[in-house]
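Asker: here is a sequence with its predicted model. Questions after.
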Amino acid sequence: MDHFLYKANELYAEDCKVAELARTYGTPLYLYSRATLERHWHAFDRAVGAHPHLICYAVKANSNLAVLNVLARLGSGFDIVSGGELARVIEAGGDPAKVVFSGVGKTVVEMEMALNLNIHCFNVESEAELEQLQRVAQRLGKVAPVSLRINPDVDAGTHPYISTGLKDNKFGIAMEEAETLFARAHELSHIQVKGVDCHIGSQLTEIQPFLDAMDRMLALIDRLSAKGIVIEHFDVGGGLGVTYDDETPPQPDVYAAALLERLGDRKLALIFEPGRAIAANAGIFITEVLYLKQNGNKHFALVDGAMNDLLRPALYSAWQNIIAVIPREGETYNYDIVGPVCETGDFLGKDRALNIAAGDFLAVRSAGAYGFTMSSNYNTRPRSAELMVDGEQVHLIRARETLPQLWQGEKCLP
Ligand SMILES: Cc1ncc(COP(=O)(O)O)c(C=O)c1O
Ligand SMILES: N[C@@H](CCCC[NH3+])C(=O)O
């Protein structure tokens, strides 16, 4: 069941009218649906069934405390990439014992923090990082649980900026070095080898690249096991795509079934790190039309939301559906939906057939993942408010920034 639906010709978020929320809380505005977040998380969790597993939601997709808290209450684990994300997980009531720490550049301070919190696993991405983690763990008198992130050199067939599993990408350890590094990790006094990890990219809409990566990783696990290095878990990463337009990515049940089949009778727990698949279609971004204008034959709708609020269209030429919150009958024009930021690349959508007027609200769909988390204060614009719709209830889960907050910590010279 969709929780962002037209009812009586007006967009609803769960049981609340979106236009009313926009008037009450002001725009631009992010709106999330608790029911959808929960449904998506359960779809993943159920898909893996009784096989030992951990769903570690990728915090970078949407790190609002309320979002993390909703998932923590379901028993979710978390995939983090910074000390900041770890602090958020703890603040939101997440269990550090279900946290996996990804990322190519973990600092000593972040390692200490994660070791002191006894996280589930460090996904180590280089030999230098492994040696650093050994030193930090030794100093703290801890043993670091480790999984090595291997780069399987698989083409994920996604946008080059969000493809991570190719040899030329900065992520992971080259397959040729994997066995040597596992052997090294195995002999280090304050490292405990737990798993093998890979993540080949984001917004994958085909299953084959996942299976190709898995085949290479399972072959590696079998070789390690022959050498007496026991692997307890396989972290398959995130990356499952969603429908923005007409993509038909595999659903979590099909995806998980295919992975489980490949796994065969190996006694490996599975870790999943989905971000987008859980959060993207659990959120929309609402913006108001400020002005309509025409330059030659080109129609522009100037809206109060901009690339600083929702960067994906400007950064990846990403397409996200844009609809009128209360549609009008009659003739449409093809509009470029652009924001107030002084950049030609500041657009939310191009050539969108709409019948709109100043004062109308537009909803950018699929904005729950990599929306607010990638927002900035460029052009000294306050970041949007965020709301969580929970049935008939609405919670303000982040207030719009006030102007003084925008220069907090800055100082004029004496
Ligand atoms: C290591 C890692 N895990 C998980 C994710 C989440 O990816 P997605 O949002 O595509 O599921 C990412 C982002 O691409 C990532 O880099
Ligand atoms: N931020 C990207 C995804 C990057 C995933 C993180 N490795 C997006 O919006 O599509």
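Answerer: The structure has been received and is ready for your questions. Ligands and ions are numbered 1, 2, ... in the order given.

Asker: which stretches of the stretch 51-200 of the chain aren't confidently modelled?
Answerer: Filtered on pLDDT under 70, the stretch 51-200 of the chain yields the residue ranges 158-168.

Asker: which parts of it sit against ligand 1?
Answerer: Ala58, Ala61, Asp79, Ser102, Thr164, His199 (C-beta under 6 Å from any ligand atom). From N, CA and C alone the C-beta is placed, and that goes for glycine too.

Asker: try 5 Å this time
Answerer: Ala58, Ala61, Ser102, His199 (C-beta under 5 Å from any ligand atom).

Asker: in TSV: those, plus secondary structure, distance to Arg383 and neighbour count.
Answerer: What follows is these, written out as TSV (DSSP: H, G, I helix; E, B strand; the rest coil; distance: C-beta to C-beta, whole Å; neighbours: other C-beta atoms under 10 Å):
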residue	secondary structure	distance to Arg383	neighbour count
Ala58	strand	21	29
Ala61	helix	17	27
Ser102	coil	25	28
His199	coil	28	25
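
Asker: report how many residues lie close to Val109.
Answerer: 10 (other C-beta atoms under 10 Å).

Asker: give me the distance between it and ligand 2.
Answerer: Distance, Val109 to ligand 2, using C-beta to the nearest ligand atom, to the nearest Å: 22 Å.

Asker: likewise for Pro382?
Answerer: 22 Å.

Asker: tell me which element Tyr255 falls in.
Answerer: Per DSSP states H and E, Tyr255 falls inside helix 252-263.

Asker: could you pull out the strands in the stretch 251-400 of the chain for me?
Answerer: 269-272, 283-295, 298-303, 322-324, 333-338, 347-354, 361-364, 385-390, 393-398 (DSSP state E, counting those that start in this stretch).

Asker: just these: most buried one?
Answerer: strand 361-364 (a mean of 25; mean count of other C-beta atoms under 10 Å).

Asker: that strand close to ligand 2?
Answerer: No - using C-beta under 5 Å from any ligand atom, strand 361-364 stays clear of ligand 2, with a minimum separation of 12.9 Å.

Asker: just the C-alpha atoms of that strand, please, in CSV.
Answerer: Output in CSV follows, covering the C-alpha atoms of strand 361-364 (Å, rounded to 0.1, in the frame of the first residue of the first chain):
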residue,chain,number,x,y,z
PHE,A,361,2.8,23.2,-4.0
LEU,A,362,4.9,20.6,-5.9
ALA,A,363,6.0,17.3,-4.5
VAL,A,364,9.3,15.7,-5.6
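
Asker: returning to what we had before: so which of the strands of the stretch 251-400 of the chain is nearest ligand 1?
Answerer: strand 269-272 (8.7 Å; C-beta to the nearest ligand atom).

Asker: now do the same end-to-end measure for stretch 256-276.
Answerer: Start and end residues of stretch 256-276 are separated by 16 Å (C-alpha to C-alpha, to the nearest Å).

Asker: and that stretch, average pLDDT?
Answerer: Average pLDDT, stretch 256-276: 96.

Asker: cool, stretch 378-391 as well?
Answerer: According to the model, stretch 378-391 has a mean pLDDT of 97.

Asker: mind checking the end-to-end distance for it?
Answerer: 34 Å.

Asker: next: stretch 58-76.
Answerer: 10 Å.

Asker: in CSV, list the strands of the stretch 251-400 of the chain along with distance to Glu110.
Answerer: What follows is these, written out as CSV (distance: least, C-beta to C-beta, whole Å):
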stretch, distance to Glu110
strand 269-272, 20
strand 283-295, 28
strand 298-303, 38
strand 322-324, 38
strand 333-338, 38
strand 347-354, 34
strand 361-364, 33
strand 385-390, 26
strand 393-398, 24
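
Asker: out of those strands, which gets nearest to Leu204?
Answerer: Set against Leu204 and scored by C-beta to C-beta, these come closest in strand 269-272, at 13.2 Å.

Asker: list the contacts of Glu10.
Answerer: By C-beta atoms under 8 Å, 6 or more residues apart in numbering, the contact set of Glu10 is Lys17, Val18, Ala19, Val325, Ile326.
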